[in-house]
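*Asks:* here is a sequence with its predicted model. Questions after.
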Amino acid sequence: MGSSFNEQFEQHGSWRREFAQQLTRLAEWMTSHDLMESAMRERLQRLQDQVRTDKITVAFVAEVSRGKSELINALFFADFGRRIMPASAGRTTMCPTELGYDSALAPSLRLLPIDTRLQEQGLTEWRMRSEQWVDFPLDIHDADQLAQAMAKVAQVRHVSVDEARALGFWHDELPGENPVVDAQGYVEVPMWRHALINMPHPLLKQGLVILDTPGLNAVGAEPELTVNLIPQAQAVVFILGADTGVTRSDLSIWREHLTSAHGGKESRLVVLNKIDTLWDTLSSSEQVQSQLERQCATSAQLLGVHPEQVVSVSAQKGLVAKISGDSALLAASGLPVLEAALADGIVGGRQAILRAAIADGVAGLRNQAARAVHIRRRDLDDQMLELRSLRGKNASVIASMRQRIEQEQREFELSATKIHAVRAVHLKLLGAVFDNLGAKTLKVHMQELNASLQHSGLKLGIRTHYTQLFERLRGTLTAAEAAAAEIQAMLGGTFRQLNAEFGFSLQVAAAPQFAQFVADLARVEHSHMQYLSMGNALKMARPEFSARLGRALALRLRALLESVANELELWSNSATAPLNVQLRERQRSFVRRIEAVDRIQHAASGLVERITEIEGNELALVQIEQRLEELTGELMRLSAGDGATPALGLQAV
């Protein structure tokens, strides 16, 4: 069996840290050799941010009393020697709970009061209003204090039916989903709307984010959870009861909230928990195993997933086994199999994506830096030819050469003015695209849908408004792609002209393709269209509920369009970076050539000294090229996963 989830995630964290350190070394070396253009600095900064801040979110979803919190305890918190997340009999987690780590914040449990549901703001907006959250400090060295603090996510309030209705937990049209009314006429609702736990757990420090969700009623009442948080998780673990299999309520959660989440083997796992309920002295181990296999096969068929995506475990026995050091019980619990599946599917898949992205980024950096070195070498070659042609020439010939260089410099500066005009057109086109991708334009696109969502009663025709919105947004992405192609063609024409006039070697980068963003948009559309099921139609009849849904959609779309704009901006900067390099190097070349001629005019030894100096510079460029290849080669091998790499020194070149 492969390494456990914890082990592989720790390895992933170590790899990310090492790669970030190597990128920092490369940046320092490039800066010290004047190779760090603004576009390269931006590309490298994005790579560093991507490696350092990469998160892997695992969402745990289940109906009430499936042992979800106990599974989280067994997988991640057994080292504390006790339960950390509340996992007693009955309903425990009452509000969505996110566990992660931000080094800028002290260890704490932050709770958002349930009364915030009476306002339109979504969870993302409330995150930016820290004064509304109730903060409890955590002592990470005291397991008992941690557990006591975590128990707050299970706190409830008893409110009237009217209050429950206003908060979204009571629906007159859906009596089967309503909480039980007690003898005093009150019903039980969560005290908190959302919980954020910040703690320096080893895995959380390395980028793991755990999303613990409550049951169907709470999930359905918080649309942002369903259409934003869960779909954006890198993995979803759906927990069933091994003794019950897929119940009607389980199937309802799966169909209404999870089928739009990532659909591959690497991103969804179904866990049949509490297999220990099937252990008894009247059945042999073979009979129990056969029963489990049938339950797994039936669950896979009902949920429409591959049988390999269904794993049977006993979270409770696994936790006990880890704490007590009972290896036989741990193996019987099935927990190691689940950990291996999480490691291979989640960490392995995420690593592959991250490695591919940074390999492309490093290759781009290497190419850009290599082009800058090539330009310097070509200028040195031209200067060398020019200086060698002066051997044995008299003062008038040398003075004539100086005049010719000055004339070339003036002509070049005139062309630079034309280049600035082309850049102005380029930026104008780019600005128009950014406007179409901006928040104001998105607000206009969403006007009809928002107006429809704000109406009370059944939202007739709401699907049409959704369809029209996403058609407009697909048109926006198509227009952005077309504008990028137009900019690319314009730059290509300018580059060809400059190549012919000044001997440049400019090549414009291919225009960006937005297929990935179109696919992301389709996933957002699917998650929302799926949410418009008959099961949610009555909930959406309430304006405050549908308004939250609209705000959640706006936030998700805004983030997506901002990603498109960022990608376009990065491409634009990268496309013009070679021009910036060649303009700068050519201007420097003019200065150096004039200085060299002046030195030759004033000293008989000036020509020899300058030729010797250029030869030394050419040798230095060879060494720079070799070192660039070494540094980026190590990064490429590291991104390919070729094992541990030695620390890269920064010996002088």
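*Replies:* Right, received. Where do you want to start?

*Asks:* longest helix anywhere in the protein?
*Replies:* helix 543-602 (DSSP state H).

*Asks:* run through the chain and note the low-pLDDT ranges.
*Replies:* Residues of the chain meeting the criterion pLDDT under 70: 1-4, 88-93, 215-221, 259-266, 347, 392, 456-460, 533-541, 603-605, 641-653.

*Asks:* what's the separation between the residue lying farthest from the centre of it and L607?
*Replies:* Here the chain reaches farthest from its C-alpha mean at N394, the gap being 65.7 Å by C-alpha atoms, centre = their mean. The gap separating N394 from L607 is 13 Å, by C-beta to C-beta, to the nearest Å. Where C-beta positions appear, they are placed from N, C-alpha and C, glycine not excepted.

*Asks:* return the set of buried residues in stretch 374-391.
*Replies:* The neighbour-count check on stretch 374-391 (16 or more other C-beta atoms under 10 Å) flags 375-380, 383-384, 386-387, 390 as buried.

*Asks:* same question, stretch 506-526
*Replies:* Those buried within stretch 506-526 under the rule 16+ other C-beta under 10 Å are 506, 508-509, 511-512, 514, 517, 520-521, 523-525.

*Asks:* dump the buried residues of stretch 374-391 to a markdown table, plus distance to Q301 and secondary structure.
*Replies:* Shown next, in a markdown table, are these (distance: C-beta to C-beta, whole Å; DSSP: H, G, I helix; E, B strand; the rest coil):
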| residue | distance to Q301 | secondary structure |
| --- | --- | --- |
| I375 | 63 | helix |
| R376 | 65 | helix |
| R377 | 65 | helix |
| R378 | 66 | helix |
| D379 | 69 | helix |
| L380 | 70 | helix |
| Q383 | 75 | helix |
| M384 | 75 | helix |
| E386 | 79 | helix |
| L387 | 80 | helix |
| L390 | 85 | coil |
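
*Asks:* pull the most distant pair out of the residues you listed.
*Replies:* I375 and L390 (23.4 Å; C-beta to C-beta).

*Asks:* quick one, strands of the stretch 51-200 of the chain?
*Replies:* Listed in chain order, the strands of the stretch 51-200 of the chain (DSSP state E, counting those that start in this stretch) span 56-62, 97-100, 108-113, 134-137, 156-160, 186-190, 192-198.

*Asks:* closest one to G364 among those?
*Replies:* Across the strands of the stretch 51-200 of the chain, closest to G364 is strand 56-62 (C-beta to C-beta), at 24.7 Å.

*Asks:* ok now that closest one, how far from the chain's centre?
*Replies:* Strand 56-62 sits 16 Å away from the centroid of its parent chain (C-alpha atoms, centre = their mean, to the nearest Å).

*Asks:* list the strands paired with that strand, with their directions.
*Replies:* strand 208-212 (parallel), strand 235-241 (parallel) (DSSP bridges).

*Asks:* how about stretch 554-565: buried residues?
*Replies:* Those would be 554-558, 560-561, 564-565, for stretch 554-565 by 16+ other C-beta under 10 Å.

*Asks:* list the contacts of that stretch.
*Replies:* 122, 124-125, 224, 227-228, 433-434, 437-439, 442-443, 446, 473, 476-477, 480, 514, 517, 520-521, 524 (C-beta atoms under 8 Å, 6 or more residues apart in numbering).

*Asks:* and with 7 Å instead?
*Replies:* 122, 124, 227-228, 434, 437, 439, 442, 446, 473, 477, 480, 514, 517, 520-521, 524 (C-beta atoms under 7 Å, 6 or more residues apart in numbering).

*Asks:* try stretch 9-22
*Replies:* Counting by C-beta under 7 Å, 6+ apart, residues outside stretch 9-22 touching it are 48, 51-52, 54, 202-203, 206-208, 347, 351, 358, 634-635, 638, 648.

*Asks:* could the C-alpha coordinates of it be exported in CSV?
*Replies:* Taking C-alpha atoms only, stretch 9-22 is exported to CSV below (Å, rounded to 0.1, in the frame of the first residue of the first chain):
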residue,chain,number,x,y,z
PHE,A,9,0.6,15.6,2.1
GLU,A,10,3.7,16.3,4.3
GLN,A,11,5.9,15.3,1.3
HIS,A,12,3.9,17.6,-0.9
GLY,A,13,4.4,20.5,1.6
SER,A,14,8.1,19.8,1.8
TRP,A,15,8.3,19.8,-2.0
ARG,A,16,6.5,23.1,-2.2
ARG,A,17,8.8,24.8,0.3
GLU,A,18,11.9,23.6,-1.5
PHE,A,19,10.6,24.7,-4.8
ALA,A,20,9.7,28.1,-3.4
GLN,A,21,13.3,28.4,-2.1
GLN,A,22,14.7,27.5,-5.5
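
*Asks:* so which bits of that stretch are buried?
*Replies:* Here stretch 9-22 shows 9-10, 12-13, 15-16, 19-20, 22 as buried, counting by 16+ other C-beta under 10 Å.

*Asks:* how close does H33 sit to I624?
*Replies:* Relative to I624, and taking C-beta to C-beta, H33 is found at 6 Å.

*Asks:* got it, and Q513?
*Replies:* Distance, Q513 to I624, by C-beta to C-beta: 33 Å.

*Asks:* and for L469, the neighbour number?
*Replies:* 21 (other C-beta atoms under 10 Å).

*Asks:* who has more neighbours, H33 and I624?
*Replies:* I624 (21 against 18).

*Asks:* now the more buried one: which helix or strand?
*Replies:* helix 606-639 (DSSP states H and E).

*Asks:* flag every buried residue along that helix.
*Replies:* Applying 16+ other C-beta under 10 Å to helix 606-639 flags 606-607, 610-611, 613-614, 617, 621, 624-625, 627-628, 631-632, 634-636, 638-639 as buried.

*Asks:* A297 reaches E308, doesn't it?
*Replies:* No - checked against C-beta atoms under 7 Å, the pair A297 and E308 is beyond contact range at 11.1 Å.

*Asks:* surely S546 is in contact with H455?
*Replies:* No - with contact defined as C-beta under 7 Å, S546 does not reach H455; the gap is 8.3 Å.

*Asks:* when these two are compared, which one has more neighbours?
*Replies:* S546 (23 against 14).

*Asks:* excluding residues flanking it in the chain, which one is nearest that one?
*Replies:* Leaving aside its sequence neighbours, S546 sits nearest to L453 (C-beta to C-beta, 6 or more residues apart in numbering; 4.2 Å).

*Asks:* just to revisit the earlier point, the buried residues of stretch 9-22 in helices, which ones?
*Replies:* Using DSSP H, the buried residues of stretch 9-22 in helices are 9-10, 12-13, 15-16, 19-20, 22.

*Asks:* apart from its neighbours in sequence, what residue is nearest L123?
*Replies:* E224 (4.9 Å).

*Asks:* now the helix or strand harbouring that neighbour: how far from the chain's centre is it?
*Replies:* If you go by DSSP H and E, E224 is part of helix 223-224. Distance of helix 223-224 from the chain centroid (C-alpha atoms, centre = their mean) equals 20 Å.

*Asks:* could you shift the numbering so residue one becomes 27, and keep it that way?
*Replies:* Got it, first residue is 27 now, which makes that one helix 249-250.

*Asks:* what packs against that helix?
*Replies:* Helix 249-250 sits against helix 569-628, with contacts defined as 3 or more C-beta pairs under 7 Å, 6 or more residues apart in numbering; DSSP states H and E.

*Asks:* now the helix it packs on: how far from the chain's centre is it?
*Replies:* That offset, for helix 569-628, works out to 21 Å (C-alpha atoms, centre = their mean).
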